[in-house]
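only geometry, no sequence info:
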């Protein structure tokens, strides 16, 4: 049994971040000066949420399934329904002809309802795994989840496999496809902050033909030299 709540805290932090993005998206679309086509706040909410859902499918669900199929079954039902609503919002943003009978207020109401239901099921899984797994496994889950989210597809795919080998294959294919269409449509997607790399050692610098010399001290100005000479020539009191 784990004593750390790092997994639930990590998921809660992600949920709070996505909730903030959802609020920004809903507010932005009400402003007349913002175009409904390619609206950055909507793009960022939809892409960040999709990446998180795919990462949960990849990292969390296999572990949860090994400790209770009921939780995974309920989560998948809520997550797939939420993904349908996200796809609906994406189509509405880009002016699909099938969306003319809907207004944004109704779309966002459906998104918020699906978001709340998905989080309820995700939170249940996090609490269950916290009670079942040792601390080391919980911390590893957090690291793996963060890494998977950085590489996950940026669009919802509710009708593709979510778990197992089929899910892994689908995510790999759709990650490439999503990146292509994101570039074509000019969508805004969250970018992971680049990590700083450790400075290479002497052997590494030699192999890369990229020597890194220590910075040379700045040359002393005449004023500083004169000051040092004056200090040196000052008579010593006896």
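Perfect, I can see it now. None of these values were measured; they are calculated from a predicted model.

Now stretch 89-108: buried residues?
Within stretch 89-108, the residues scored as buried using 16 or more other CB atoms under 10 Å are 89-90, 92-94, 99, 104, 107-108. C-betas here are computed from N, CA, C, even on glycine.

Could you find the lowest-pLDDT member of those?
The pLDDT minimum for the buried residues of stretch 89-108 sits at residue 99, where the score is 67.

Excluding sequence neighbours, find me the nearest residue to residue 127.
Excluding the flanking residues, the one nearest residue 127 by CB to CB, 6 or more residues apart in numbering is residue 8, at 6.3 Å.

The one you found: which element?
Residue 8 is part of helix 6-28, with elements assigned from DSSP states H and E.

Packing partners of that helix?
Packing partners of helix 6-28 (3 or more CB pairs under 8 Å, 6 or more residues apart in numbering; DSSP states H and E): helix 40-55, helix 104-132, helix 135-151.

quick one: average pLDDT of it?
Per-region confidence: helix 6-28 scores 95 on mean pLDDT.

Show me the domain layout of this structure.
Listed domain ranges for the chain are 6-185, 202-229 (source: automatic domain parsing).

With distance to residue 191 added, can I get the ones you listed in JSON lines?
As requested, those are arranged in JSON lines below (distance: least, CB to CB, whole Å):
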{"stretch": "domain 6-185", "distance to residue 191": "9"}
{"stretch": "domain 202-229", "distance to residue 191": "26"}
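
just flag whichever of the ones you listed has the lowest average confidence.
domain 202-229 (a mean of 54).

most packed of the domains of the chain?
Comparing the domains of the chain by mean neighbour count (mean count of other CB atoms under 10 Å), domain 6-185 ranks first with a mean of 17.

how long is that one end to end?
Counting by CA to CA, to the nearest Å, you get 37 Å between the two ends of domain 6-185.
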